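Engineer: sequence and predicted structure, then a few things I'm wondering about:
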Amino acid sequence: MLGQSHAISGALVHAATAPFLPQALFGVGPQPGEILVGTLLCAGAALLPDLDHHDATPAHLLGPLSRGLCRLVGRLSGGHRHATHSLLFVALAGWGTWEGVTRLGDGFALGLVLVLFALAARALHLHPPGHGFTAWVTTVGLAGTGTATVAVWFPGIAGWLPYTVCLGALTHLAGDFLTRRGVPLLWPWGRRFEVALIRRTGGRAEIRFFVPVMTVATFAALWFTAFAPLLSAG
């Protein structure tokens, strides 16, 4: 799937499950404002498994530096759609986020928030076209504004970051599960799992059906889980 599709699917899953999944797992749920912020963060987290690809959305965040990092991750993980597209990666990403938030505190949390917002902005094309300086400045500006907003108004978001990272990464795996190459969910066991509803990345089914439907569904879910409660409270 395209980066845009992964980001939208991450946003949709977070928004749609916010009223019941966190409550079922942890006995407490996010507030409406936290749902809205978490939806954007989950859109960014849904790009993390593509750290193994030198031309995916994460590779374009910091130019040669991020491309070099993604090439390194790709080599270490066995190539695109190998180790980073597994349940083990999801677990390690969640554990690493929890360790970072717990041991390093707000500095780590806000740094991760900045990266996730930047990934979401790139994938959702909230910047001028291309990969030039203007696009980069816009992406960083949006991410920085979002991070400052979280720091001031939503300090409780840090506690939700491990959950958000896991949910976003899982959603990415579910999306690639729907494509022809599938995903090695049980890596290092090499078997790939797939239900090939999307036969070509960037094809008609993805662009003309899945992306519009997921976009509408995301806004509908946000209305019921975030916007409507906020308006009622106001």
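Structural biologist: Right, received. Where do you want to start?
Engineer: residues near residue 128, how many?
Structural biologist: As a burial measure, the neighbour count of residue 128 was computed by other CB atoms under 10 Å and equals 13. Every residue, glycine included, has its C-beta placed from N, CA and C.
Engineer: and it, how far from residue 135?
Structural biologist: Residue 128 sits 5 Å away from residue 135, taking CB to CB, to the nearest Å as the criterion.
Engineer: residue 106 now?
Structural biologist: In this structure, residue 106 and residue 135 are 29 Å apart, going by CB to CB.
Engineer: and these two? Which one has more around it.
Structural biologist: residue 135 (18 against 12).
Engineer: so what's that one closest to, chain neighbours aside?
Structural biologist: In space, residue 135 comes closest to residue 127 once its chain neighbours are excluded; the distance is 4.5 Å by CB to CB, 6 or more residues apart in numbering.
Engineer: so what's the closest residue to residue 86 other than its chain neighbours up against?
Structural biologist: If the residues on either side of it in the chain are set aside, residue 86 comes closest to residue 187, at 3.6 Å by CB to CB, 6+ apart. With contact set as CB atoms under 8 Å, 6 or more residues apart in numbering, residue 187 has these partners: 82, 83, 85, 86, 87, 88, 89.
Engineer: which of these fall in helices?
Structural biologist: 87, 88, 89 (DSSP state H).
Engineer: most neighbours, which of those residues?
Structural biologist: Across the ones in helices among the contacts of residue 187, neighbour numbers were computed from other CB under 10 Å; residue 89 holds the maximum, 21 neighbours.
Engineer: distance check, that one against residue 111.
Structural biologist: Counting by CB to CB, the gap between residue 89 and residue 111 amounts to 20 Å.
Engineer: and what of residue 59?
Structural biologist: Here the distance between residue 59 and residue 111 works out to 19 Å (CB to CB).
Engineer: quick one, phi psi at residue 38?
Structural biologist: The phi and psi values for residue 38, taken as degrees, to the nearest 10, are phi -60, psi -30.
Engineer: what sits against it?
Structural biologist: Residues in contact with residue 38, defined by CB under 8 Å, 6+ apart, are 14, 18, 30, 157, 160, 164.
Engineer: I figured the second one hits residue 31, correct?
Structural biologist: No. Under the contact definition of CB atoms under 8 Å, residue 18 does not touch residue 31, with a separation of 9.9 Å.
Engineer: so for those two, which sits in the more crowded spot?
Structural biologist: The residue with more neighbours, out of residue 18 and residue 31 and counting by other CB under 10 Å, is residue 18; that gives 26 against 16.
Engineer: quick check: closest non-adjacent residue to the more buried one.
Structural biologist: Sequence neighbours aside, residue 35 is the residue nearest to residue 18 in space, at 4.4 Å (criterion: CB to CB, 6+ apart).
Engineer: where does pLDDT dip in this structure?
Structural biologist: In the predicted model of the chain, residues 234 satisfy pLDDT under 70.
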